[in-house]
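Q: I'd like to go over a predicted model; first the sequence, then the structure.
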Amino acid sequence: MVFISLTTGYVGPVGDRLISIYERLLSAFGPQDWWPGDSPFEVCAGAILTQNTNWENVRRAISNLKNKDLLRPRAIHELSRESLALIIRPAGYYNVKAGRLKNFVAFLIDEFGGNLDTMFSMGLETLRPMLLDIKGIGPETADSILLYAGELPSFVVDVYTIRALMRHDFIDGDADYEGVRSLFMDHLPADVELYNEYHALWVALGKSLCKKTKPRCEECPLSGI
DNA sequence: GTCCTGTGTT
DNA sequence: AACACCGGAC
């Protein structure tokens, strides 16, 4: 099926399991067509703004930036943190996130002349540790930028992924970010479209059924897997 | 473990 | 009024 055309080799029994989970999610929710962003830079900004924040509030903050023609690296670099904070206010944590956005664009401008194509041409293994060195860019934000803005095959793990995997006993309670990311990357082909869709499907599951409180487990497409 | 914060839901 | 929201720094 889809799996065969994506596969570069045998991915093992764990990979087979991960693929069957993927196929169930895809059947239940359909293709998600992420990321909601008109440009790679918008995706980078969205990845920072959505930290622990619902997407609707992020969308408002991005809309504010667009309306002022400020959704550009140079523009954000030249804005004061205080001014930027007021503009992204709907996203919450606005003082923190204004600093984080400016940290990212300072890195982008200093290291790559403000050019995202140049940044992503560094490749996954080189770029990921560089992104993680930026204050305010943690593993989930870095992987979201790499995968959804750069189209580099870095699997994104989030609270929804962890929660669902724990509820189905695929991972235990002390599982950390890198461990769960490795679970996917060590057993699946390094395929951008697969990683894109798979993460988006975990989010679809987490928002609709596998919620923090009052999960609707009886409707779970993964029951009995 | 605690802090950072607006907006919608319960 | 309390909780939840595609985290990360300290």
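A: Here it is on my side, so go on. Residues are numbered from 1 along each chain as shown, chains lettered A, B, ... in the order given.
Q: ok, which residues in chain A are in contact with DNA strand C?
A: Applying Cβ under 7 Å from any atom of the strand, one finds that chain A approaches DNA strand C through A:34-36, A:50-55, A:57, A:92-93, A:96, A:134-142, A:144, A:156, A:158-160, A:177, A:200, A:203, A:206-207, A:211-213. Any C-beta I mention is one placed from the backbone N, CA and C, and that applies to glycine too.
Q: The residues you listed also near DNA strand B: which ones?
A: A:52-54, A:57, A:92-93, A:96.
Q: and the residue in chain A positioned nearest to DNA strand B, how many neighbours does it have?
A: The minimum distance from chain A to DNA strand B, using Cβ to the nearest atom of the strand, falls at residue A:92 (2.1 Å). The tally of other residues near residue A:92 (other Cβ atoms under 10 Å) stands at 17.
Q: quick one, phi/psi of it?
A: In terms of degrees, to the nearest 10, the main-chain angles of residue A:92 are phi 70, psi 170.
Q: On the three-state scheme, residue A:224 is what?
A: In three-state terms, and counting by DSSP: H, G, I helix; E, B strand; the rest coil, residue A:224 is coil.
Q: Burial check on it, number of neighbours?
A: 5.
Q: Next, give phi and psi for it.
A: phi 80, psi 10.
Q: Likewise for residue A:153?
A: phi -80, psi 70.
Q: That one touches residue A:196, doesn't it?
A: No: the pair residue A:153 / residue A:196 is not scored as a contact, 9.2 Å apart, by Cβ atoms under 8 Å.
Q: Tell me which of those two has more neighbours.
A: Between residue A:153 and residue A:196, counting by other Cβ under 10 Å, residue A:196 is the more crowded of the two (21 against 18).
Q: re earlier: find the residues that touch each one of residue A:153 and residue A:196.
A: residue A:147 (Cβ atoms under 8 Å, 6 or more residues apart in numbering).
Q: if we can go back for a sec, tell me which two in the ones next to DNA strand B among the residues of chain A next to DNA strand C are the farthest apart.
A: A:54 and A:96 (16.5 Å; Cβ to Cβ).
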